[in-house]
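# Next comes the sequence, and after it the predicted model I'd like to discuss.
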Amino acid sequence: MESAQQATRSPKPDARPRAGQVIKDCADCPEMVVIPAGSFTMGSSAAEQALANAAGLPENFTRRENPQHRFNIRSFAAGRYAISRGEFAAFARAKGYQTEAERGDGCFAWNGKEWKKDRAYNWRNVGFTQADNHPVVCVSWNDAQAYIGWLNQSSGQTYRLLSEAEREYAARGGTQTDFW
């Protein structure tokens with residue numbers, strides 16, 4: 001899964017994990033790291049938006065970053081790394097799961113000229129060599145939800161996808177720079 005689709009879980013209140021602590025709830029579960037509570041300015045300044053627009057990002061995308069606002073975040077645990085192909089494979093084997101791309105019309109792949117949806121491609125065959133420690137790709141939001149359901153069942157914990165604010169807060173790592 002892409003980083004935006006990393007699994008997250010709330011630390012147990014009685015366990016009180018420390019910021020930076022690594023957690024692994026089960027053998028097939030991803031490594032999680034505890035992100036401290038805090039606050040940050042969410043959204044992009046006019047200067048950041050102008051820079052992104054100059055680099056080719058359409059204005060209708062950058063306008064979504066307004067207005068900047070302070071956002072408070074409670075402590076949470078997030079995936080230390082993107083979900084790997086091997087971690088996703090453990091789930092697919094355990095559940096006999098087929099992704100939407102496998103059941104349907106494949107996923108988008110670069111054919112040398114353009115990105116095009118192709119039945120031949122799915123998380124098992126993405127059109128380039130991948131090892132089990134590479135991030136899993138060609139999975140949908142529904143596939144991610146199925147994976148998370150399996151994590152919840154396997155670990156006895158509650159996993160979920162990161163919110164937009166949690167993702168930006170974790171990615172910025174306490175910085176106030178234009179980009180993470």
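It's in.
# How about the backbone phi and psi for Phe76?
Backbone torsions of Phe76, given as degrees, to the nearest 10, read phi -150, psi 170.
# how much space between the residue lying farthest from the centre of the chain and Met42?
In the chain, the residue that sits farthest from the middle, by C-alpha atoms, centre = their mean, is Lys113; the gap is 27.3 Å. According to C-beta to C-beta, to the nearest Å, Lys113 and Met42 sit 37 Å apart. No exception for glycine: its C-beta is placed from N, CA and C like everyone else's.
# quick one on the thing from earlier: and the gap between the residue farthest from the centre of the chain and Cys107?
Counting by C-beta to C-beta, the gap from Lys113 to Cys107 is 17 Å.
# again, but for Lys24
Relative to Cys107, and taking C-beta to C-beta, Lys24 is found at 29 Å.
# between those two, who's got more neighbours?
Cys107 (24 against 12; other C-beta atoms under 10 Å).
# Run a quick neighbour tally on the closest residue to His69 other than its chain neighbours.
Closest residue in space to His69, ignoring its immediate chain neighbours: Met42 at 5.8 Å, by C-beta to C-beta, 6 or more residues apart in numbering. The tally of other residues near Met42 (other C-beta under 10 Å) stands at 17.
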